[in-house]
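> Structure for this input, please:
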Amino acid sequence: MMLQSLLIIPLATPKPFNDNVIDMIVNMGFFAKLILLVLLVFSVVSWAIIFNKWKLFGSIDSETGKLLRLFRKKAKISDVYLNCIRFKTTPLSQILQTGYSELESMTEKDEDINKNLAQEKIDIIKMSLERVGADELDKLEKGIVFLATVGNTSPFLGLLGTVWGVIDSFASIGVKGTASLAVVAPGIAEALIATVAGLAVAIPAVIGYNHLNHRLKTISSDIDKFSLEFVTRIKKEYNL
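Residues are numbered from 1 along each chain as shown. Prediction:
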């Protein structure tokens, strides 16, 4: 009689399947939720970097165009220097100020600034411009590398959460003694959310990285060309 009673005891009821994504996230295990939390932090920081850099690079493009027009319009570098201080965003402003400061420091106090400069001093100015240009690019690069890191690691974090969820689903098969779809489907569905989340974080980060990196290369090219233009202007103005 006891044996018969044991035989009619039903197996553990499978966890009911719920197609609501929020409910599935709530029902996830601690490790899967931790993965989603990390991905959420990555996503928030990535979007903050993308919007901040997008706004910054837009201001740089605008000021760069204005400064170049001013530089090519004014007859003397000294006139450009007096007006370039209002351009606070574009790296070209810092390059011009540094170059002109070097130019002034190489002339004696009582000597007319229009005196010829030696070629060695021109080389010093070139090196100063290269240093300032590199420093400005380093400032602009901050944060962009993080987007590449997020784009590379987020899919693997999502895959880790998925694998963990699948392991949990197979573990429930052993506990419940059945391999029916009703047993494994909820756990696998919850696990796949981690993969979707990882891709949702990685794709914008990769797109943002490629776009910002392209604009950074454009700014770098503008810096190099302006440095050459500045040195050429010095040579013409000082008859070198």
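> so where does L157 fall, helix or strand?
Assigned by DSSP states H and E, L157 belongs to helix 144-176.
> roughly how far out does that helix sit from the chain middle?
Distance, stretch centre to chain centre, for helix 144-176: 23 Å (CA atoms, centre = their mean, to the nearest Å).
> looking at it, I85 is touching Y100, isn't it?
No. Counting by CB atoms under 8 Å, Y100 is not a contact partner of I85; they are 10.9 Å apart. C-beta: built from backbone N, CA, C; applies to glycine.
> More neighbours: which of those two?
More crowded of I85 and Y100, by other CB atoms under 10 Å: Y100, with 19 against 10.
> Not counting residues beside it along the chain, what's closest to that one?
Excluding its sequence neighbours, the residue lying closest to Y100 (CB to CB, 6 or more residues apart in numbering) is Y81, at 4.5 Å.
> Which residues are in contact with that neighbour?
Counting by CB atoms under 8 Å, 6 or more residues apart in numbering, Y81 touches 96-97, 100.
> So which of the residues you listed sit within strands?
Within these, no residue falls in strands by DSSP state E.
> Can you lay out those as TSV showing pLDDT?
Converted to TSV, the contacts of Y81 look like this (pLDDT from 0 to 100):
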residue	pLDDT
L96	91
Q97	90
Y100	86
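> what's the closest of those to I207?
Nearest to I207, judged by CB to CB, of these is L96 at 33.6 Å.
> Would you confirm that G165 contacts E190?
Yes. With contact defined as CB under 8 Å, G165 reaches E190; the gap is 5.5 Å.
> how near is the residue most central in space within the chain to F230?
For the chain, I144 is the residue whose C-alpha lies nearest the centre (CA atoms, centre = their mean; 2.7 Å). Distance, I144 to F230, using CB to CB, to the nearest Å: 26 Å.
> wait, isn't the residue nearest to the centre of the chain in contact with I50?
No. With contact defined as CB under 8 Å, I144 does not reach I50; the gap is 9.4 Å.
> can you list residues touching both of those two?
L212.
> Just give me how far the helix or strand where M127 lies sits from the chain centre.
Remark: M127 resides in helix 119-141, with elements defined by DSSP H and E. Averaged C-alpha coordinates place helix 119-141 at 24 Å from its chain's average position (CA atoms, centre = their mean).
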